[in-house]
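**Q** need a 3D model of the following:
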Amino acid sequence: MDGAESLLAAIKSLLERHGLSEELVADTTSVKGFFIWKRTLGAKIRHIRFAPPDPDCQPSGYILVWCEKNGDKIYDGKWLWDFEHTVKAFARFLIEGEDLRQIVRDNLAYLGST
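**A** Residues are numbered from 1 along each chain as shown. Purely as a prediction, here's the structure:
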């Protein structure tokens with residue numbers, strides 16, 4: 001199993017454990033080559049988009065493109081993580097609905113330590 005398949009299997013398992021398999025289904029048709037998950041949490045709409053990593057590209061890791069819409073305000077960006085942090089960021093952002101600012105700070109700290 002390659003890195004992308006491992007990550008997708010981990011996310012699928014995570015969704016099953018939280019009973020969200022039917023709510024958070026990956027959209028694989030809107031943007032070719034990407035997996036997109038979308039969830040509404042209260043007044044916020046959150047998206048994560050993931051493309052399987054290219055083994056020939058650096059830096060290595062998983063890039064998650066995220067977006068949060070809260071009323072008229074839209075925040076978006078990218079996170080680069082290793083496997084473990086990618087799965088945790090997915091859970092924190094889409095499952096737990098954690099404050100986006102803290103996840104961004106944690107990603108910056110991670111990038112500073114690599």
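**Q** how much space between the residue of the chain most remote from its centre and residue 43?
**A** The outermost residue of the chain relative to its centre, with distances by C-alpha atoms, centre = their mean, is residue 72 at 22.1 Å. Residue 72 sits 11 Å away from residue 43, taking C-beta to C-beta, to the nearest Å as the criterion. Heads up, the C-betas are built off the backbone N, CA and C, glycines and all.
**Q** pLDDT weak spots in this protein?
**A** 1, 53-60 (pLDDT under 70).
**Q** can you pull out the strands in it?
**A** Secondary structure of the chain (DSSP state E): strands at 35-41, 44-50, 62-70, 73-81.
**Q** can I get those in JSON lines with mean neighbour count and distance to residue 109?
**A** Output for the strands of the chain, formatted as JSON lines (neighbours: other C-beta atoms under 10 Å; distance: least, C-beta to C-beta, whole Å):
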{"stretch": "strand 35-41", "mean neighbour count": "16", "distance to residue 109": "24"}
{"stretch": "strand 44-50", "mean neighbour count": "19", "distance to residue 109": "20"}
{"stretch": "strand 62-70", "mean neighbour count": "17", "distance to residue 109": "16"}
{"stretch": "strand 73-81", "mean neighbour count": "14", "distance to residue 109": "11"}
